[in-house]
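Undergrad: pasting the structure only:
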């Protein structure tokens, strides 16, 4: 593993590595991705092996220009209405933290899509990521750069500490700005002309809010996570899906995911307010307001490193940006439990709560 900067020479070196079949961890606006040439099946297999990722979990392919989308997605398979929605979303939110599920071209390797007839695509909003993609193959498959099921990385050091020599290069672009993965929106349900008014579905809440999406294309559905790891493992062929099999159709659909090593429990604000403190535990309140209310009831002082807030401003955008970085920090303290208050249910609050609920042990 070699740590590189986001200078031009280092990005070009990393891009040459991707063209040669190597693995490159790189910053995006959401989290760090573990990148490989999306059309190189050997390199894709290395991604799954490095992460310990089951092959039933499809990858997101990152592009730097809409011209590349023609190599990946068959937009002609969508209904005219869904094509309009796709075009509006790309124009408004790409580059940005939005992944679209679209009908795929036959040339896309089944390993990248877990054998599904659809492909997950996004254009990241980060200059180093875009330059890396442009200088390499134009299409880089990149799940989060962490062991499968563990905390996503928002700093280069998180990648180094969790993956080490399983990655060839790490581009260090500092801390990511959004802090949670992209929102995944399924548009492939509109691929059948016979479909009755197909509605786009959010398969994973993330760095783009539902409200922002609906302001552009109208109502969308939200599909709650429907698969436990054991349910997914029960699929007849665990290495890939075939059309018609029941299982995840996008990354981030497993019920258990994004977890620290330390047991974590998520609480509603009401339940969190009534908790009593036990030795060896760490508490994360969403804002100083809820923390201070709880402290007033406790009527005692606590060491600084036991009680934390996710957002000092009470903003869900700040909370999302801080989430994984704070959990990485607290995981190193080897506490008995991390007890976390849920975020408000608006803007990026659903994405925060989605990650915390999948990490929760209860």
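TA: Sure thing, it's come through. Keep in mind that what you see is a predicted model, and the values were worked out from it rather than measured.
Undergrad: which parts of the protein are helices?
TA: Here the chain has its helices, by DSSP state H, at 8-19, 41-51, 66-72, 80-93, 110-113, 127-135, 156-163, 210-217, 229-233, 269-273, 288-298, 316-331, 349-359.
Undergrad: residues touching the shortest one, excluding its own?
TA: The one in question is helix 110-113. 38, 41, 44-45, 48, 55, 58-59, 61, 104, 119-120, 141, 240 (C-beta atoms under 8 Å, 6 or more residues apart in numbering). No exception for glycine: its C-beta is placed from N, CA and C like everyone else's.
Undergrad: could you give me the ChimeraX selection string for whichever of the residues you listed are buried?
TA: Those of those that count as buried under 16 or more other C-beta atoms under 10 Å are selected in ChimeraX with:
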select :38,44,48,55,58,59,61,104,119,120,141,240
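Undergrad: pipe the contacts of helix 110-113 into CSV and attach pLDDT per row.
TA: Formatted as CSV, the contacts of helix 110-113 follow (pLDDT from 0 to 100):
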residue, pLDDT
38, 98
41, 97
44, 97
45, 97
48, 96
55, 88
58, 94
59, 97
61, 98
104, 96
119, 97
120, 97
141, 98
240, 33
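Undergrad: got CSV for the contacts of helix 110-113, with distance to residue 5 too?
TA: Listed next are those as CSV, based on distance: C-beta to C-beta, whole Å:
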residue, distance to residue 5
38, 25
41, 30
44, 26
45, 29
48, 28
55, 33
58, 31
59, 26
61, 25
104, 35
119, 32
120, 29
141, 23
240, 37
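Undergrad: and which of the contacts of helix 110-113 is nearest to residue 325?
TA: residue 59 (23.9 Å; C-beta to C-beta).
Undergrad: residues contacting the residue nearest to the closest one when sequence neighbours are not counted?
TA: With C-beta to C-beta, 6 or more residues apart in numbering as the criterion, residue 59 has its nearest non-adjacent residue at 4.4 Å, and that residue is residue 141. By C-beta under 8 Å, 6+ apart, residue 141 lies in contact with 35-38, 44, 47, 59-62, 112.
Undergrad: which of the helices of the chain comes out lowest on mean pLDDT?
TA: Mean pLDDT is lowest for helix 229-233 out of the helices of the chain, coming in at a mean of 35.
Undergrad: what about residue 7, neighbour count?
TA: The criterion is other C-beta atoms under 10 Å. On that basis, residue 7 has 11 neighbouring residues.
Undergrad: repeat for the one 4 residues further on
TA: Other residues within reach of residue 11 by the criterion other C-beta under 10 Å amount to 26.
Undergrad: likewise the one 5 residues further on?
TA: Residue 16 sits with 14 neighbouring residues when counted by other C-beta under 10 Å.
Undergrad: how near is it to residue 359?
TA: Using C-beta to C-beta, to the nearest Å, we find residue 16 at a distance of 36 Å from residue 359.
Undergrad: do residue 20 as well
TA: Counting by C-beta to C-beta, the gap from residue 20 to residue 359 is 35 Å.
Undergrad: these two: who's more crowded?
TA: It is residue 359, of residue 20 and residue 359, that has more neighbours when counted by other C-beta under 10 Å, with 24 against 12.
Undergrad: excluding residues flanking it in the chain, which one is nearest the more buried one?
TA: Ranked by C-beta to C-beta, 6+ apart and with sequence neighbours excluded, the top spatial neighbour of residue 359 is residue 259, at 4.2 Å.
Undergrad: who are the contact partners of that neighbour?
TA: Residue 259 makes contact with 149-151, 358-359 under the criterion C-beta under 8 Å, 6+ apart.
Undergrad: from the contacts of residue 141, which ones fall inside strands?
TA: Taking DSSP state E, the ones among the contacts of residue 141 that sit in strands are 35-37, 60-62.
Undergrad: residue 9: which of those is nearest?
TA: Using C-beta to C-beta, the shortest approach to residue 9 within the ones in strands among the contacts of residue 141 belongs to residue 35, at 18.1 Å.
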